[in-house]
Each structure stands twice: as structure tokens, then as C-alpha cells.
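Undergrad: could you look at this predicted model? Sequence included:
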Amino acid sequence: YGAPLEIAYCPLITEQVERMLGWAGAARAAAGYHGGFLYAYATKANFAEEVVRTALAAGAHYETSATADVLIAHHLWRQGVLSERRYMFCNGSKEDSYIDAIVSLREAGFERVVPILDDLDELDAYLERCNAPLLLGVRERHFADVVNPAHPGGERFGLTQQEIAIAARRLAGTPHRLVVYHAMVGSQLEDMDGWMARLERSAAAYCQLRQQVPTLRAFNFGGGMPTSAYALDFEFDYQSFLTRLMETMAAVCAEHGVPQPDIIGEFGRYTVANHSLYLLEVGTTKSAQATGGEPWYLLNSSLMVTLPDTLIVEDQQFIVLPLDRWEQPAQGVRLGGRRTCDSDDM
């Protein structure tokens, strides 16, 4: 086929899902946790049909972030690929088409679609448009003092605690039920202590809401599970994290006198980041103009087209390994696309 060539090996997706479910089972036993554990695949990480189908077959539930995700899921449900026993958690800020797709899926008979409210206008739309009873969730908007200081305007997603209380009051007495509390900290989180400190605060907020809303039954700790795809020396104790999460959740629930909820995790990059690779071809080399400078390795492709993440994701390293000439001494090089003359294509 020539280069660049993408190679995907879907059995690695199955392994990732099954490993996490195994760690969660061991964590439940170690913590004596009473609630269940749900693994949701965040399809925004990769919505290719073979990827989604593999994740679902391995036991994953569904998580969406856009209109197209729900339309794809609707087709997969019609085809029997998406089981009615799986939940679909619909996150993100939702335009009319996204809301309409959710309502259409629910009224077609898929009962386990769970829109996660991101603002009160979204709730208005469901109350107006959806005749079938809905399962709903709320996403918390973290307090300003714990938000990344690089985002001085605060978080752009979620409801404040005051808005969550309003949503709960408005749903009381309707056929719709509030069932999920969604907490989201970040992505590629490797600081376990910092992550747990944030989640403990969210767990307390869940319990306070549960005292007022008896239908609430699940705590979604969000995404953020780190992956080994970006570093050869990566280490993270997944089972210890899940054990601490369940122990913390159990303790906070006991303190507030509420039942232990099911725990939901959303796994995007963790699910798919390792299952594929690109083969690139060095077409020619050019020496540096400065004495002792790193030579140019010019690729028979364009990094801007083939691997845009390497250029636009700040502070993220990507693993690049040679396939031949391992007997040669290692040296620093600059990779550049040969198919454009754009100064950013490097």
C-alpha cells in the first residue's frame, strides 16, 4: 500500500476493556464495595465502526459527545450491534440536532439513553420535546479554586451546584428520573493523589444530592484514565486507583448515610490509543546548515495531514521508533513532511 500506512489491531481494544473490568472486579473485592462498575467507551476518541463494534463486544457501554455519535449509535442499535442492555451517556454542550437525535432514539424505544445535562436550557428542551420518560444525569461544574489556572474563565462544561439543585426540583413530579452524577477532572491524569482529592469533593456533592433525590444511583468519575501510548517508561497502578476510589466513595457515602452508587468510568484514549500505529517512510535526508545541527529526515508524507496531533497538542510526547538500522549509533534528528513546504510541517 505504500507509506504512510495506518495499521489497526482491534484485539488490543478487547484486551484494554477486559483488563480494566478485571481490575475493577479486584478493586470491588478489596474495598468490599457494594455498587457496580460500568465501563463506557468515549467514542470521540475513535468512532470507526470496527473500533466501536469491538469495544461494545468486549463489554463497554457507550458515551457520546456530538450529534453524529448518536446517529451512529441509532444505526448500531437497529443492526443489533448495540444491545438494549447497554447504557448510552450523552455528554457535552448540545445543539438542537444533538438533542433531537437523543429524543428520537429514546422515542424509538432505546430506554437506556442518558443525556447528561450541561445547562438548564437543555433540560427545557427535553421537557418540551420528549414524551417518553428519560433517564438523566447532571455534570458538575467544578469550583473555581480547583480549575486549571490556565483557564481563568473557569470550566466551560457543566452545572453549578445551584443549577443542579434547580434541575432536581424541576424534575421532581415528572416521569423523568435523575440517575447519574457526572464528575470530570481532566485527561491523562497520572497524579493519583491530586485526582483523588478532586473526586472526594465530588463524591460529597453526589451524596448531598442523593439525600434529596432518591432516584440517583450512579457516580461517573469521568474520563482521564492515563494510557501508556505516550511513554515507553509509563507506569500507573490502575487497580490501586480504583480501590482508592471505591474505598473513598464507600466512606463518604457512609458519612452521609446514602447507599453506595454504581461507578461509571469513561475510557477514550485508554481504550484505543495503543491499538494502531502509522508506518512512515524516510524518503531522503538533508544535513543541517549549522555545524553540528540535527539533520533533516524528510518523510514521504505530511505530518500536518497524517499526524496532526503531533503538531497541535501542546506538551504531549508521541512515541516514534525506527524499524531498521538499529545497529547504527542513535542521533537526534528533525522530522519534516516532504509533501508540503509549510514551515509548520515538522
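TA: Looks like it arrived, so ask away.
Undergrad: is it correct that residue 101 is in contact with residue 67?
TA: Yes: applying Cβ atoms under 8 Å, one finds residue 101 in contact with residue 67, separated by 5.2 Å. Yep, even glycine has a C-beta here, placed from its N, CA and C like the rest.
Undergrad: could you chop this protein up by domain?
TA: Domain segmentation of the chain under the TED database yields 9-273, 280-337.
Undergrad: and those domains, which is most packed in?
TA: For these, the stretch with the most neighbours on average is domain 9-273, a mean of 18; neighbours defined as mean count of other Cβ atoms under 10 Å.
Undergrad: figure out how far that domain is from the centre of its chain.
TA: Offset of domain 9-273 from its chain centre (Cα atoms, centre = their mean, to the nearest Å): 9 Å.
Undergrad: what is the end-to-end distance of it?
TA: 11 Å (Cα to Cα, to the nearest Å).
Undergrad: other SSEs contacting the worst-scoring helix or strand of the chain on mean pLDDT?
TA: Each helix and strand of the chain was given a mean pLDDT (mean pLDDT, DSSP states H and E); the minimum falls on helix 309-312 at a mean of 83. Using 3 or more Cβ pairs under 8 Å, 6 or more residues apart in numbering; DSSP states H and E as the contact definition, the elements that helix 309-312 packs against are helix 303-306.
Undergrad: list the contacts of the helix it packs on.
TA: Contacts of helix 303-306 with the rest of the structure, by Cβ atoms under 8 Å, 6 or more residues apart in numbering, involve 4, 278, 280, 310-311, 335-337, 339-340, 342, 344-346.
Undergrad: pLDDT weak spots in this structure?
TA: Low-confidence segments of the chain, defined by pLDDT under 70, are located at 143-154.
Undergrad: quick one: the helices in it?
TA: Under the criterion DSSP state H, the chain carries helices at the ranges 11-31, 49-57, 67-78, 96-107, 120-129, 161-171, 192-212, 238-256, 269-272, 303-306, 309-312.
Undergrad: of the contacts of helix 303-306, which belong to strands?
TA: With DSSP state E as the criterion, strands contain 278, 335, 336, 337 from among the contacts of helix 303-306.
Undergrad: pick out the most distant pair among those.
TA: For those, with distances taken as Cβ to Cβ, the pair at the greatest spread is 278 and 336 (15.6 Å).
Undergrad: now distance to residue 88 too, for the helices of the chain, in TSV please.
TA: Converted to TSV, the helices of the chain look like this (distance: least, Cβ to Cβ, whole Å):
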stretch	distance to residue 88
helix 11-31	16
helix 49-57	11
helix 67-78	6
helix 96-107	8
helix 120-129	15
helix 161-171	19
helix 192-212	21
helix 238-256	23
helix 269-272	16
helix 303-306	32
helix 309-312	26
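Undergrad: quick one: closest of these to residue 287.
TA: Evaluated over the helices of the chain, closeness to residue 287 peaks at helix 303-306, with 20.4 Å, by Cβ to Cβ.
Undergrad: and the gap between residue 235 and residue 263?
TA: Note on residue 235: its distance to residue 263, by Cβ to Cβ, to the nearest Å, is 23 Å.
Undergrad: and for residue 290?
TA: When distance is defined by Cβ to Cβ, residue 290 is 55 Å away from residue 263.
Undergrad: got it, and residue 11?
TA: The span separating residue 11 from residue 263 equals 26 Å under the rule Cβ to Cβ.
Undergrad: cool, and residue 315?
TA: Using Cβ to Cβ, residue 315 is found at 30 Å from residue 263.
Undergrad: then residue 100?
TA: The gap separating residue 100 from residue 263 is 31 Å, by Cβ to Cβ.
Undergrad: I'd say residue 202 and residue 138 touch.
TA: No: counting by Cβ under 8 Å, residue 202 sits too far from residue 138 to count as a contact (11.5 Å).
Undergrad: what touches both of the two?
TA: Counting by Cβ under 8 Å, 6+ apart, the shared contacts of residue 202 and residue 138 are residue 181.
Undergrad: residue farthest from the centroid of this protein?
TA: Largest separation from the mean C-alpha position in the chain: residue 291, at 45.7 Å (Cα atoms, centre = their mean).
Undergrad: how about the contacts made by that one?
TA: With contact set as Cβ under 8 Å, 6+ apart, residue 291 has no partners.
Undergrad: next: the one 4 residues further on.
TA: Contact partners of residue 295, counting by Cβ under 8 Å, 6+ apart, are 285, 286, 287, 288, 331, 333, 334.
Undergrad: for residue 187, same thing?
TA: 223, 224, 269 are the contacts of residue 187 under Cβ under 8 Å, 6+ apart.
Undergrad: how does it look with 7 Å?
TA: Contact analysis of residue 187 by Cβ atoms under 7 Å, 6 or more residues apart in numbering lists 223, 224.
Undergrad: which strand residues bridge residue 266?
TA: Note on residue 266: beta-bridge partners by DSSP bridges are residue 40.
Undergrad: distance of it relative to residue 298?
TA: Residue 266 sits 39 Å away from residue 298 when distances are taken as Cβ to Cβ.
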